[in-house]
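Peer 1: Need coordinates for the below:
(one chain, ligands or ions: 2)
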Amino acid sequence: MKVLTVVGARPQFVKAAAVSRVLREDHEEVLVHTGQHYDEDMSDVFFEELSIPFPDTNLGVGSDTHGRQTGAMLAGLEAEIEDEDPDAVLVYGDTNSTLAAAIATSKMDPPLAHVEAGMRSGSDIPEETNRVLTDHAADLLFVPSPDAENNLDGEGITDGVHFSGDVGYDALLWARDRADTDVLSELGVANREFVLSTVHRDTNADDPDKLEAIVDALVSDPRPVVLPAHPRTVARLEEFGLYGRAERGLTLTEPVGYRQFVALLDAATVVATDSGGVQKEAFFLDTPCVTLREQTEWVETVESGWNTLVGADEGAIRTALSDATTPTEKPTPYGDGNAAERIVEVLSDVTRV
Ligand code: UD1
Ligand code: UDP
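Peer 2: Ligands and ions are numbered 1, 2, ... in the order given. You can find the predicted model right below:
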């Protein structure tokens, strides 16, 4: 079997690495990077440390408006699929790279397989558009949770749906054993004595009032707060005159590698984030999470008490950070950490016939 995998953004490198490791044992994989993320610490670092080969092709699309970025990817991906003639095209999550690959593939021969299918937050964000459209174009839909399967059922999608569990869990288990704990001393923080934060959603980073509320809430926490800042957030902190305040009050760093990030998340007392993947990784690592959004697609983390949705309200963030506790019980809705095996097995069965 020959699979063409499309990635483009940080969380996709992490997830694709987990599947690639299994896929490449018995099958051929062509890895295409759209170039959506391109800074060394947003892209190359993941290929260097995750034990997967560098992409075969990088379309070099870079940053742009949604339409121009997605359009450039679509044109490049169509040509790649035409040239490679794969048995299946594999996409991850909900970024513009995911959507571009879905549109290109849906009008060509190979089946489209979507990993992390069925996730819905009910909010009006670009990622929700990307998720819904990709699911409706996909032939194979790998769901991470029973709830995701119900979401698809509610939209009339029942054919080709397979429960795989979450590939992010596979990735996390791999990295937890290889966590780079030196990062704690490098950043001057001690186990269970600091807060970790990430912020990158356009709804937070691009809104001066919300970004200021988040910065003020984080700065006011009495514990050290580590913020590995996404380039979008750095640009907006500078633009809105908040960079100095953040730099003085926080341990502001460049984005860190995945094995460093997992070490930080495992050691933090609590994490404040608007990331999808980080909410879930916190749950896996028993670190309470304060989510800087009004809604989440990872509903089980909230229902079980491990995650609190606070939006970008300064008071609510402060209270949630100081009140964060660890519940005594945790459900296991996201599978057993062997999602990659299931995905490869189904792909190979389906493409054989
Ligand atoms: C994208 C995804 C989001 C995902 C996130 C993971 C979409 C619509 N959004 O958001 O779902 O959670 O990736 O991190 O696909 N930039 C750089 N260097 C880089 C990458 C980005 O400087 O290597 C800056 C550019 O100014 C760019 C901005 O960050 O305009 C936003 O990048 P973009 O890829 O458009 O969106 P993300 O916020 O990263
Ligand atoms: N991550 C990382 N370094 C960082 C911040 C995040 O390696 O400095 C990892 C994190 O562990 C998770 C993924 O990047 O696996 C999440 O990416 P992001 O928050 O950018 O995207 P989202 O999950 O919200 O789509």
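
Peer 1: can you give me the helices in the stretch 151-300 of the chain?
Peer 2: Assigned helices in the stretch 151-300 of the chain, in chain order: 167-176, 182-187, 202-205, 208-220, 231-239, 243-249, 258-267, 276-284, 299-303 (criterion: DSSP state H, counting those that start in this stretch).

Peer 1: residues from the stretch 1-150 of the chain in reach of ligand 2?
Peer 2: 10-11, 14 (CB under 6 Å from any ligand atom). (Glycine included, C-beta is placed from N, CA and C.)

Peer 1: Near ligand 1, list only the ones from those residues.
Peer 2: Okay, of those touching ligand 1 (CB under 6 Å from any ligand atom), that's 10-11.

Peer 1: Identify those among the residues of the stretch 1-150 of the chain next to ligand 2 that sit within helices.
Peer 2: 10-11, 14 (DSSP state H).

Peer 1: Going by distance to residue 290, which of those wins?
Peer 2: Ranked by distance to residue 290 (CB to CB), these are led by residue 11 at 19.5 Å.

Peer 1: Tell me how many other residues crowd that closest one.
Peer 2: Burial of residue 11 is recorded as 22 neighbouring residues (other CB atoms under 10 Å).

Peer 1: if I read this right, it contacts residue 278, doesn't it?
Peer 2: No - judged on CB atoms under 8 Å, residue 11 makes no contact with residue 278 at a distance of 9.1 Å.

Peer 1: Overlap of the contact sets of the two?
Peer 2: Shared contacts of residue 11 and residue 278, defined by CB atoms under 8 Å, 6 or more residues apart in numbering, are absent.

Peer 1: Skipping adjacent residues, who's closest to residue 16 in space?
Peer 2: In this structure, residue 16 finds its nearest non-sequential neighbour in residue 7, 5.0 Å apart by CB to CB, 6 or more residues apart in numbering.

Peer 1: Which residues of the stretch 1-150 of the chain lie near ligand 1?
Peer 2: 9-11, 36-39, 42, 63, 94-96, 126-127.

Peer 1: Of these, which count as buried by neighbour count?
Peer 2: 9-11, 36-38, 42, 94-96, 126-127 (16 or more other CB atoms under 10 Å).

Peer 1: Now pLDDT and distance to residue 28 too, for the residues of the stretch 1-150 of the chain next to ligand 2, in a markdown table please.
Peer 2: Shown next, in a markdown table, are those (pLDDT from 0 to 100; distance: CB to CB, whole Å):
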| residue | pLDDT | distance to residue 28 |
| --- | --- | --- |
| 10 | 98 | 25 |
| 11 | 98 | 24 |
| 14 | 97 | 22 |
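
Peer 1: Distance to residue 48 added to the residues of the stretch 1-150 of the chain next to ligand 2, as a markdown table?
Peer 2: Below are these laid out as a markdown table (distance: CB to CB, whole Å):
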| residue | distance to residue 48 |
| --- | --- |
| 10 | 14 |
| 11 | 17 |
| 14 | 13 |
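
Peer 1: what about residue 352, neighbour count?
Peer 2: Residues contacting residue 352 under the criterion other CB under 10 Å number 8.

Peer 1: And it, what's its pLDDT?
Peer 2: Here, the pLDDT recorded for residue 352 equals 81.

Peer 1: Let the chain start at 59 from now.
Peer 2: With 59 as the first residue, the last one maps to residue 410.

Peer 1: Helices - which of the buried ones among the residues of the stretch 59-208 of the chain next to ligand 1 land there?
Peer 2: Short answer: these in helices (DSSP H) are 68-69, 154, 184-185.

Peer 1: Out of these, which comes closest to residue 265?
Peer 2: So of these, ranked by how close each gets to residue 265 (CB to CB), first place is residue 184, at 14.7 Å.

Peer 1: I'd like the distance between the closest one and residue 258.
Peer 2: Using CB to CB, to the nearest Å, we find residue 184 at a distance of 13 Å from residue 258.

Peer 1: which is the next helix or strand following the longest helix anywhere in the chain?
Peer 2: Criterion DSSP H: the longest helix present in the chain is helix 124-142. Using DSSP states H and E, the helix or strand that directly follows helix 124-142 along the chain is strand 146-150.

Peer 1: Counting by contacts, list what that following strand packs against.
Peer 2: strand 60-65, helix 68-84, helix 154-164, strand 170-173, helix 397-410 (3 or more CB pairs under 8 Å, 6 or more residues apart in numbering; DSSP states H and E).

Peer 1: and the angle for that strand with strand 60-65?
Peer 2: 20 degrees (axes from the mean of the first three to the mean of the last three CA atoms, to 10 degrees).

Peer 1: relative to helix 124-142, how tilted is strand 146-150?
Peer 2: Using the same axes, to 10 degrees: strand 146-150 against helix 124-142 is 150 degrees.

Peer 1: CSV please, covering the ones in helices among the buried ones among the residues of the stretch 59-208 of the chain next to ligand 1 and showing distance to residue 331.
Peer 2: Formatted as CSV, these follow (distance: CB to CB, whole Å):
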residue, distance to residue 331
68, 13
69, 12
154, 21
184, 18
185, 15
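
Peer 1: Alright, I will stop here.
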